[in-house]
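Chemist: only geometry, no sequence info:
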């Protein structure tokens with residue numbers, strides 16, 4: 001029995017769909033996970049590991065997760081740049097979603 005191959009139109013928007021599903025899963029994880037989780041005591045920041053100082057991005061994941069939960073003050077304490085990064089990230093996710101929906105509608 002032969003399996004049908006995906007059409008070229010489906011292959012156009014499939015990677016975007018996978019990307020957006022992953023983004024949604026990460027956002028859901030950040031919103032519903034416990035704040036105090038530690039990655040087995042490992043520090044994954046390459047800059048901090050090399051120069052022994054925190055980089056401008058340190059604490060950004062915690063800040064965005066806290067911001068998604070609605071605690072703006074604590075998010076700014078984790079990383080003040082969250083006020084700049086979060087709107088840009090939201091814009092990029094919205095634009096990626098819009099482009100995907102437009103591609104899907106064109107294929108129909």
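Modeler: Everything's here; your move. Bear in mind that the values here come from a model prediction, so they are computed numbers and not experimental data. Numbering: from 1, shown residues only.
Chemist: which residues of the protein fall in helices?
Modeler: 8-32, 46-51, 60-68, 72-78, 82-107 (DSSP state H).
Chemist: Would you convert the ones you listed into CSV that also reports mean pLDDT and mean neighbour count?
Modeler: For every residue, glycine as well, the C-beta is placed using N, CA and C. CSV is the format used below for those (pLDDT from 0 to 100; neighbours: other C-beta atoms under 10 Å):
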stretch, mean pLDDT, mean neighbour count
helix 8-32, 75, 13
helix 46-51, 77, 11
helix 60-68, 88, 20
helix 72-78, 93, 15
helix 82-107, 88, 13
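Chemist: How about residue 65: what's its closest non-neighbour residue?
Modeler: In this structure, residue 65 finds its nearest non-sequential neighbour in residue 30, 3.8 Å apart by C-beta to C-beta, 6 or more residues apart in numbering.
Chemist: From residue 23, how far out is the one you found?
Modeler: 11 Å (C-beta to C-beta, to the nearest Å).
Chemist: what's the answer for residue 99, then?
Modeler: For residue 99, the distance to residue 23 - C-beta to C-beta - is 13 Å.
Chemist: Please name the residues that touch the residue nearest the centre of the chain.
Modeler: Closest residue to the average C-alpha location of the chain: residue 23 at 4.9 Å, with C-alpha atoms, centre = their mean. Neighbouring residues of residue 23 by C-beta atoms under 8 Å, 6 or more residues apart in numbering: 93, 96.
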